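S.K.: Build me a structure from this.
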Amino acid sequence: MTVYFAKLDDQGTILYLEELSEFGEEIGYRPEVPFAIAQPEWEAGGTVVGGVYTPPPTSLEDLRAAKLVALAAKRWAVETGGIVVGGFPIYTDDRSKLMVTGARIKADADPAFTTKWVAADGTRTAVDATTIIAISDAMLGHVDACFDRFDVLASAIASALDKTALAAIDINAGWPPNS
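M.R.: Presented below is the predicted three-dimensional model:
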């Protein structure tokens, strides 16, 4: 039996669809990512609100708005997708950014500061003030690069003169790496 899943943003817009031949771990379910069991004819860009599917928008302005929603979701995914600093994988979700900021404040005040840090791969490693500062700087650079890329693409979306030009904008290209 084939089952279709629609991954949704927090407003019910379908970000993408997955076709699975059976239930299992490959679904990649995460409670923070809303989803709906979909019908084969559903399309990305459509919406599901209260279980009711609405096809994707067709006017240029509606398509721009839908692409901006998808762009915001992409920016968030890359921003919070983690980075690697000196071979050390670092989470970049909001909680991790807060923890790095706190450690950075301490590292700036005390050059002899050391702490144990849990990497994104689960390893626990002692880090010193210099390393914390490097992680903080890299994290800020990563977040800034994500917003810079978002701004470039949002400007291109706003400037697209027709549906063909809008469709040609690849919102998945040019992002800073997560690894």
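S.K.: make it CA atoms for all contacts and neighbour counts henceforth
M.R.: Fine.
S.K.: So which residue is smack in the middle of this structure?
M.R.: residue 77 (0.6 Å; CA atoms, centre = their mean).
S.K.: Whichever strand or helix holds that one - what's its average pLDDT?
M.R.: Element membership for residue 77, per DSSP states H and E: helix 60-79. Mean pLDDT, helix 60-79: 93.
S.K.: List the buried residues in that helix.
M.R.: 63-76, 78-79 (16 or more other CA atoms under 10 Å).
S.K.: do the same with stretch 93-106
M.R.: 96, 97, 100, 101, 103, 104, 106.
S.K.: ditto for stretch 155-172
M.R.: Quick answer for stretch 155-172 (16+ other CA under 10 Å): 157, 160, 166, 171.
S.K.: now swap in stretch 45-56 and tell me
M.R.: Buried-residue list, stretch 45-56, by 16+ other CA under 10 Å: 45, 46, 47, 48, 53, 54, 56.
S.K.: Who does the lowest-mean-pLDDT helix or strand in the chain pair with, and is each partner parallel or antiparallel?
M.R.: The weakest-scoring helix or strand in the chain, judged by mean pLDDT, DSSP states H and E, is strand 35-38 (a mean of 73). Next to strand 35-38 in the sheet, as set by DSSP bridges, lie strand 3-8 (antiparallel).
S.K.: so what strands line up beside the helix or strand following the strand it pairs with?
M.R.: Using DSSP H and E, the helix or strand that follows strand 3-8 in sequence is strand 14-20. The strands beside strand 14-20 in its sheet (DSSP bridges) come out as strand 3-8 (antiparallel).
S.K.: Low-confidence stretches in this protein?
M.R.: 1, 20-35 (pLDDT under 70).
S.K.: Select the longest helix from it.
M.R.: Identified as the longest helix of the chain according to DSSP state H is helix 129-159.
S.K.: And it, what's buried?
M.R.: Those would be 129-133, 135-136, 138-139, 142-143, 145-147, 149-150, 153-154, 157, for helix 129-159 by 16+ other CA under 10 Å.
S.K.: Work out for me the element residue 100 sits within.
M.R.: Judged by DSSP H and E, residue 100 forms part of helix 94-109.
S.K.: what does stretch 82-90 contact?
M.R.: Defining contact as CA atoms under 8 Å, 6 or more residues apart in numbering, one finds that stretch 82-90 is touched by 91-93, 119-121, 134-135, 138-139, 142, 177-179.
S.K.: and what of stretch 153-166?
M.R.: 60, 63, 64, 67, 68, 71, 169, 171.
S.K.: What separation do you get for residue 61 and residue 177?
M.R.: According to CA to CA, to the nearest Å, residue 61 and residue 177 sit 31 Å apart.
S.K.: Tell me the span between the first and last residue of stretch 150-167.
M.R.: Length of stretch 150-167, first residue to last, CA to CA: 16 Å.
S.K.: Cool, thanks, signing off.
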